[in-house]
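Colleague: Got a predicted structure plus its sequence, pasted below:
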Amino acid sequence: MRERPILFSGVMVRAILDGRKTQTRRIVKQSHISSTEIRRDGEGELWMRDTYHCPHGQPGDRLWVRETWQHSNHPFGPYEPACDVFYRADYLDDPLGPDLEKSPDGIRRQWRPSIHMPRAASRITLEVSAVRGERLHHVNEIDARAEGCPPSWLDAGDNKTVHCGEPTYRNGFARLWRDIHGGSSWQANPWVWVISFRRIDK
């Protein structure tokens, strides 16, 4: 068993804590495709058969979550394992905003980027249960719901929402993907690692 860090946004951290998020998709680098066997399924679609090279681990490995944070020594000293740790995701519902940006007094919360979170400050540990490689557009309604996104109407791009049919989890996931990776990222349909996981209580 190996442990690796993984970054999540505040919204996705909340989804994990609420038990709504049990999957994540990460873009596959070209070097992983060139060293991985590709096969066609029954409908002629390409799939990645060998997931040995997935940098996010294999079933049984663990991922510890890095998120936006701060510690009780700030700003007078460095982080120490005995510090109290605060997480921006816990303040998303604050009426004054997670950064106190709506407060009229000019005081703001100062957060540290998730990339700088040490292992000891992490509060979420995940166990990888499955890994596979596929095209982004292969995500179905069940898997999109496991991504932790709320259902949404079809997003036509350029902040235009098409109210056609019922809102779906797949549309909600596509909207999240564009928010994270940019407007044309969904249409690019990249290869992605699909990592399924379960949360381990500390």
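Modeller: Here it is on my side, so go on. Numbers count the residues shown, from 1 in each chain.

Colleague: What are the buried residues along stretch 10-21?
Modeller: Buried residues in stretch 10-21, counting neighbours by 16 or more other CB atoms under 10 Å, are found at Gly10, Met12, Val13, Arg14, Ala15, Ile16, Leu17, Lys21. All C-beta atoms are positioned from the backbone trio N, CA, C, and that covers glycine.

Colleague: What score does the residue lying closest to His74 once chain neighbours are set aside have for pLDDT?
Modeller: Once flanking residues are discounted, His74 sits nearest to Gln110: 6.8 Å by CB to CB, 6 or more residues apart in numbering. What the model reports for Gln110 is a pLDDT of 96.

Colleague: What of the one 10 residues further on?
Modeller: Per-residue confidence at Ala120 stands at 96 (pLDDT).

Colleague: I'd guess the residue nearest to His74 is in a strand, am I close?
Modeller: No: using DSSP: H, G, I helix; E, B strand; the rest coil, the assignment for Gln110 is coil, not a strand.

Colleague: That one reaches His71, doesn't it?
Modeller: No: shown here, Gln110 and His71 do not form a contact pair, counting by CB atoms under 8 Å, at 10.8 Å.

Colleague: quick one, which of these two is more surrounded?
Modeller: Neighbour tally, Gln110 and His71, criterion other CB atoms under 10 Å: the higher count belongs to His71, 19 against 10.

Colleague: Spit out the contact partners of the closest residue to the more buried one other than its chain neighbours.
Modeller: Closest residue to His71 apart from its sequence neighbours, by CB to CB, 6+ apart: Cys83 at 4.1 Å. Listed by CB atoms under 8 Å, 6 or more residues apart in numbering, the contact partners of Cys83 are His71, Ser72, Asn73, Ala121.

Colleague: Turn the buried residues of stretch 10-21 into a markdown table, including distance to His53.
Modeller: A markdown table is the format used below for those (distance: CB to CB, whole Å):
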| residue | distance to His53 |
| --- | --- |
| Gly10 | 30 |
| Met12 | 24 |
| Val13 | 27 |
| Arg14 | 31 |
| Ala15 | 27 |
| Ile16 | 25 |
| Leu17 | 30 |
| Lys21 | 24 |
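
Colleague: Pull the distance from the helix or strand where Ile16 lies to the chain's centre.
Modeller: Ile16 belongs to helix 10-17 when assigned by DSSP states H and E. Centre-to-centre, helix 10-17 and its host chain are 8 Å apart (CA atoms, centre = their mean, to the nearest Å).

Colleague: Checking the residue nearest to His71 next. Helix, strand or coil?
Modeller: coil.

Colleague: just to revisit the earlier point, among the contacts of Cys83, which ones are buried?
Modeller: Buried by 16+ other CB under 10 Å: His71, Ala121, out of these.

Colleague: Can you tell me the SS state at Leu63?
Modeller: Leu63 ends up strand, using three-state DSSP.

Colleague: now it: how far from Thr125?
Modeller: 7 Å (CB to CB, to the nearest Å).

Colleague: And the two? Which one has more around it.
Modeller: Neighbours of Leu63 and Thr125, each counted by other CB under 10 Å, are more numerous for Leu63; the result is 23 against 16.
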